[in-house]
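# Predicted structure and sequence below. I'll ask about it afterward.
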Amino acid sequence: MIQGPDALARELKLAALAPEVRLVDDITPYKAQKVAILNGAHTAMVPVAFQAGLESVGEAMNDAQIASFVDELLRKEVIPTLDLPPAELHAFADAVQRRFRNPFIRHALLSIALNGMTKFRTRILPQLLLAQQNQGSWPPRLTFAFAALLAFYRGKQGDKSWPLQDDAHWLQRYAELWPALEADQQTPEQLVRAVLSDASHWGEDLTRQPGLVAAVSHHLQNIIVHGMRTALTQLR
């Protein structure tokens with residue numbers, strides 16, 4: 001994808017030398033497509049799939065429950081927020097999911113989890129807010145991915161624990177928030193409020209978005225009580 005005038009294509013002889021390269025007037029919507037669909041799917045998938053017991057992107061996409069979650073998140077909640085023609089967006093989503101299923105690439109979920117808080121802000125939060133504006137309700141899968149991200153920063157599940165790699169600010173915050181919840185000193189909703197209220201990270205105090213705390217808290221409660229797999233079955 002190259003941004004430029006028609007004359008550039010003639011000068012570079014793109015039709016003959018690189019027919020798969022597209023010349024467009026404005027590359028902005030294509031960058032948004034890549035960030036929201038390819039990168040966004042990765043970021044939404046990681047905390048869900050990992051806490052469902054999987055280790056790699058390929059394993060996640062070969063798991064019917066996780067693959068369905070990713071596909072419906074893209075088709076129903078992300079694609080409607082983007083500005084390109086729907087057929088083009090769905091074709092890109094198809095290509096992304098084929099890439100995720102490539103059996104010759106083993107992409108570890110934990111490696112993608114690096115700096116997950118910032119990745120969620122840049123890759124998913126814009127679509128989350130746009131989806132709510134467009135539909136008048138919070139999208140269930142994107143808010144579930146948000147809750148799964150918070151649960152991931154617990155750093156453990158039963159007898160299993162995993163390393164957390166993020167800004168020191170978030171590692172310290174979660175090191176305080178999760179033990180307080182486990183000691184019954186705060187509720188899941190209070191933990192969600194503490195995270196979403198960090199305007200310096202999110203660019204705004206997300207607790208002021210009506211209904212968002214409740215939506216994320218509902219999913220987080222289900223994940224804590226029932227586990228990731230059962231919580232996923234409760235999505236509508």
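On my side now, so go ahead.

# State the pLDDT value of the residue nearest to residue 163 when sequence neighbours are not counted.
In this structure, residue 163 finds its nearest non-sequential neighbour in residue 110, 7.3 Å apart by CB to CB, 6 or more residues apart in numbering. Where you see a C-beta, it was placed from the backbone N, CA and C, and this is true even at glycine. Model confidence at residue 110, expressed as pLDDT, equals 96.

# shouldn't residue 110 be in contact with residue 164?
No - Residue 110 lies out of contact with residue 164 (CB atoms under 8 Å); the separation is 9.7 Å.

# So for the two, which sits in the more crowded spot?
The neighbour count for residue 110 versus residue 164, taken as other CB atoms under 10 Å, is higher for residue 164 (18 against 15).

# Give me the neighbour count for the residue nearest to the more buried one when sequence neighbours are not counted.
Excluding the flanking residues, the one nearest residue 164 by CB to CB, 6+ apart is residue 155, at 5.2 Å. The tally of other residues near residue 155 (other CB under 10 Å) stands at 15.

# Quick one: residues contacting residue 155.
Counting by CB atoms under 8 Å, 6 or more residues apart in numbering, residue 155 makes contact with 161, 162, 163, 164, 174, 178.

# what does residue 198 give?
Contacts for residue 198 (CB under 8 Å, 6+ apart) come out as 173, 205.

# contacting residues for the residue nearest to residue 54 when sequence neighbours are not counted?
Excluding the flanking residues, the one nearest residue 54 by CB to CB, 6+ apart is residue 60, at 5.0 Å. Residue 60 is in contact with 45, 49, 54, 66, 67, 70, 100, 109, counting by CB under 8 Å, 6+ apart.

# May I ask which helix or strand encompasses residue 60?
helix 57-61 (DSSP states H and E).

# ok, back up a step: mind telling me what element the residue nearest to residue 163 is part of?
Applying DSSP H and E, one finds residue 110 within helix 109-112.

# Name the residues of that helix that come out as buried.
109, 112 (16 or more other CB atoms under 10 Å).

# Determine the set of other helices and strands touching it.
helix 40-51, helix 57-61 (3 or more CB pairs under 8 Å, 6 or more residues apart in numbering; DSSP states H and E).

# Tell me how far residue 38 lies from residue 67.
Using CB to CB, to the nearest Å, residue 38 is found at 16 Å from residue 67.

# try residue 52
Using CB to CB, one gets 11 Å for the distance from residue 52 to residue 67.

# which residues does residue 181 contact?
187, 188, 190, 191.

# ok, now which ones touch the most centrally placed residue in the chain?
The centroid of the chain falls nearest to residue 44 when counting by CA atoms, centre = their mean (2.6 Å). Counting by CB under 8 Å, 6+ apart, residue 44 touches 70, 73, 124, 141, 142, 145.

# Could you pull out the strands in the chain for me?
2-3, 23-24, 156-157, 160-161 (DSSP state E).

# Show me where this protein dips below the pLDDT cut-off.
Within the chain, the stretches with pLDDT under 70 are 1-26.

# before we move on, the earlier item: mind checking which of the contacts of residue 44 land in helices?
Among the contacts of residue 44, the members found in helices (DSSP state H) are 70, 141, 142, 145.

# For residue 127, give its distance to residue 121.
Taking CB to CB as the measure, residue 127 falls 12 Å from residue 121.
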